[in-house]
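> A structural model of the following input is requested.
(chains A and B)
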Amino acid sequence: MSQVRVRFAPSPTGFFHIGSARTALFNWLYARHTGGVFVLRIEDTDQERSTEQFLDVIYDSLTWLGLAWDEGPKVGGGFGPYRQSERTALYREYLEKLRTNGRTYEQDGAVYFRISGEPQVIDDLIRGRVERTEEKDFVIVRSDGNPVFHFVNVVDDITMQITHVIRGEDHLSNTSKHTELFQAFGAPRPAYAHIPLILKQNGPGKMSKRDQGALVEEYRRRGLLPEALVNFLCLLGWNPGDNREKLPLAEIIRLFDLPGVNQSNARFDEKKLAHMNMAYLLEQPADRFVALAHDYCQRQQVAAALAAEPSYFREVMLLSQPKIKAVEELPAYTAYFFAEDFPVDPKVRDKVMAKGDPKTRLRELAAALATADFSSDTILEEAIKATAAKSGLGFGDYQAVARLAVSGTNVGPGITGMFRVLGRERVLRRIERFLAA
RNA sequence: GCCCUCAUCGUCUAGAGGUUAGGACAGGAGAUUCUCAAUCUUCAAACCGGGGUUCGAUUCCCCGUGGGGGCGCCA
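Reported below is the predicted structural model:
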């Protein structure tokens, strides 16, 4: 059997949609699974709407997702060029074939394709047998001379020797147009696999570019891990056949196959994506996590964090890694590590100060910390416990007020780690200031 | 309107002609911790309706209903 050749064929007319990402992903997975070739083809025949900016969005998004193409723009290949705007001679040639066969006619300056009207039957790898009869002749070249999608799509699939067309279900009804054209060219047609659509999470209809969470670029900007998004997208319409959900890409590649793809549309669930992202974030090696945090701070221009010593920045981020759910929480979560004028949550203050004798506790703590060893969390913990024991109290009686004084809030990493990273001087200064206020 | 397509917890899904219909996210309740998370335990939550076929259907078939898509000189 000859090598599998699949293609992802976006048009650069807007930002990169999550549905496009999944279509690209399924094509890529199938190519990797079968040892085939993943072709990127740019469908830019709509000159009105296509732009170079959106072309870069496609390249950047695919690269970010880790979906490298084997043939296509930038990497080349034996079936180029890979932008339809550069293949006009080929289209003219193929149009001529139809013309000589008497399958075209002109009307209002446009070229129409004369359909056979025969029922078109496809044996879809996902949906089974689908039969549809095309009823109307359709335009294949616009009056301005530009060829139309259905035509160029088929010509390119023929000339690029595409073996499997994996695309969204929104093309299922169009397929009869395409098979008519394959027939007219006398060319063998590829196998089809129409994957279900992604529906918007609220309200009716499929996800569109305007919907919340629809753009890949958005996730990237927010610091989402691409591997988390990829894993999540795989699960939208496919599963490994057991109860596993978070699984390595290599394992997905090994198990992925077209008949395993679902037939029903799936609703997008950002909560599940967020959970997946957290799971991946938790297991990131320290260096990668710090790099992600730094990238994000740079993009968001978090000046105070960026101004810090790299080793200090690293300590702060590693302290936060097990506590956060997303990189985008980092600036707010770590603000008090990088500035003395951090905000104090009034509600937390009222609550903490209402119970017991917090100021006395804080004075006792300050006295102990003045001589304590700040080099390790456990030593600090022991020191605080010893102080508490003198008053017949426990660690918990000091924790809340200490946290409030030093960070202004009631959420954050453990206070011992917080103290260690901040250092004695800063911690004592904050406590003094708090007691004086 | 015509055509295509789909149908299991709120959501993503597993499942099989006979199952206590399983898992995950979200939600509830506990446990744990130094707060908040995470983690662990636990609760609640589903086979769209009607006809068939069958000893038996949520599973197979038909109809209906509901959802989604297509019907562009967009892709």
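
> CA only for contacts and neighbour counts going forward, please
Noted.

> Contact residues of the stretch 201-350 of chain A facing RNA strand B?
The stretch 201-350 of chain A comes close to RNA strand B at residues A:204-206, A:235-239, A:241-245, A:262-269, A:271-273, A:275, A:279, A:322-325, as judged by Cα under 7 Å from any atom of the strand.

> Just the buried residues from the residues you listed, in ChimeraX please.
Per 16 or more other Cα atoms under 10 Å, the buried members of those correspond to this ChimeraX selection:
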select /A:206,235,236,237,238,239,262,263,266,267,268,273,279,323,324,325
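
> Among the residues of the stretch 201-350 of chain A next to RNA strand B, which lie within helices?
A:271-273, A:275, A:279 (DSSP state H).

> Tell me the one among those residues nearest to RNA strand B.
Distance to RNA strand B across those (Cα to the nearest atom of the strand) is lowest for A:Lys272, with 3.3 Å.

> which other residues reach the longest helix along chain A?
In chain A, taking DSSP H as the definition, the longest helix is helix A:18-34. Helix A:18-34 has contacts (Cα atoms under 8 Å, 6 or more residues apart in numbering) with A:4-8, A:10, A:36-38, A:62, A:67, A:69, A:166-168, A:195, A:197-198, A:207, A:214-216, A:230, A:233-234, A:252-258.

> Just the ones in helices from those, please.
The helices, defined by DSSP H, take in A:62, A:216, A:230, A:233-234, A:252-255 from the contacts of helix A:18-34.

> quick one: low-confidence parts of chain A?
The model of chain A has pLDDT under 70 over residues A:1.

> how much space between A:Leu224 and RNA strand B?
For A:Leu224, the distance to RNA strand B (Cα to the nearest atom of the strand, to the nearest Å) stands at 16 Å.

> show me what contacts the nearest residue to that residue once chain neighbours are set aside?
Nearest-residue entry for A:Leu224: A:Asn277, 6.6 Å, with adjacent residues in sequence omitted and distances by Cα to Cα, 6 or more residues apart in numbering. Shown in contact with A:Asn277 (Cα under 8 Å, 6+ apart): A:224-225, A:228-229, A:325-326.

> my read is A:Asn277 is in a helix, agree?
Yes: using DSSP: H, G, I helix; E, B strand; the rest coil, the secondary structure at A:Asn277 is a helix.

> Distance of it relative to A:Glu283?
As for A:Asn277, its distance to A:Glu283 is 10 Å (criterion: Cα to Cα, to the nearest Å).

> Distance from stretch A:168-181 to the middle of the chain?
28 Å (Cα atoms, centre = their mean, to the nearest Å).

> ok so, going back, among the residues of the stretch 201-350 of chain A next to RNA strand B, name the ones in strands.
Counting by DSSP state E, the part of those found in strands is A:266-267.

> Give me the number of neighbouring residues for A:Glu251.
A:Glu251 has 11 neighbouring residues, counting by other Cα atoms under 10 Å.

> Can I get the buried ones among the ones in helices among the contacts of helix A:18-34 as something I can paste into ChimeraX?
Entered in ChimeraX, the line below selects the buried ones among those, by 16+ other Cα under 10 Å:
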select /A:62,216,230,233,234,252,253
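
> What residues of the host helix or strand of A:Ala291 count as buried?
Using DSSP states H and E, A:Ala291 sits within helix A:286-299. By neighbour count on 16+ other Cα under 10 Å, the buried set for helix A:286-299 is A:289-290, A:292-297.

> cool, and stretch A:105-112?
By 16+ other Cα under 10 Å, the buried positions in stretch A:105-112 come out as A:110-112.

> With respect to RNA strand B, which of those residues is nearest?
Relative to RNA strand B, the closest of the buried residues of stretch A:105-112 is A:Ala110; by Cα to the nearest atom of the strand it sits at 4.6 Å.

> For that closest one, which residues are in contact?
Counting by Cα under 8 Å, 6+ apart, A:Ala110 has contacts A:139-145.

> Can you lay out those residues as JSON lines showing neighbour count?
Shown next, in JSON lines, are those (neighbours: other Cα atoms under 10 Å):
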{"residue": "A:Val139", "neighbour count": "21"}
{"residue": "A:Ile140", "neighbour count": "21"}
{"residue": "A:Val141", "neighbour count": "23"}
{"residue": "A:Arg142", "neighbour count": "14"}
{"residue": "A:Ser143", "neighbour count": "14"}
{"residue": "A:Asp144", "neighbour count": "8"}
{"residue": "A:Gly145", "neighbour count": "11"}
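
> RNA strand B next: which of those are close?
A:139, A:141-144.

> Mind checking which of those residues land in strands?
Taking DSSP E as the definition of strands, these contribute A:139, A:141.

> Can you say which two of the ones next to RNA strand B among the contacts of A:Ala110 are spatially most distant?
Largest separation among these by Cα to Cα: A:Val139 and A:Asp144, giving 12.0 Å.
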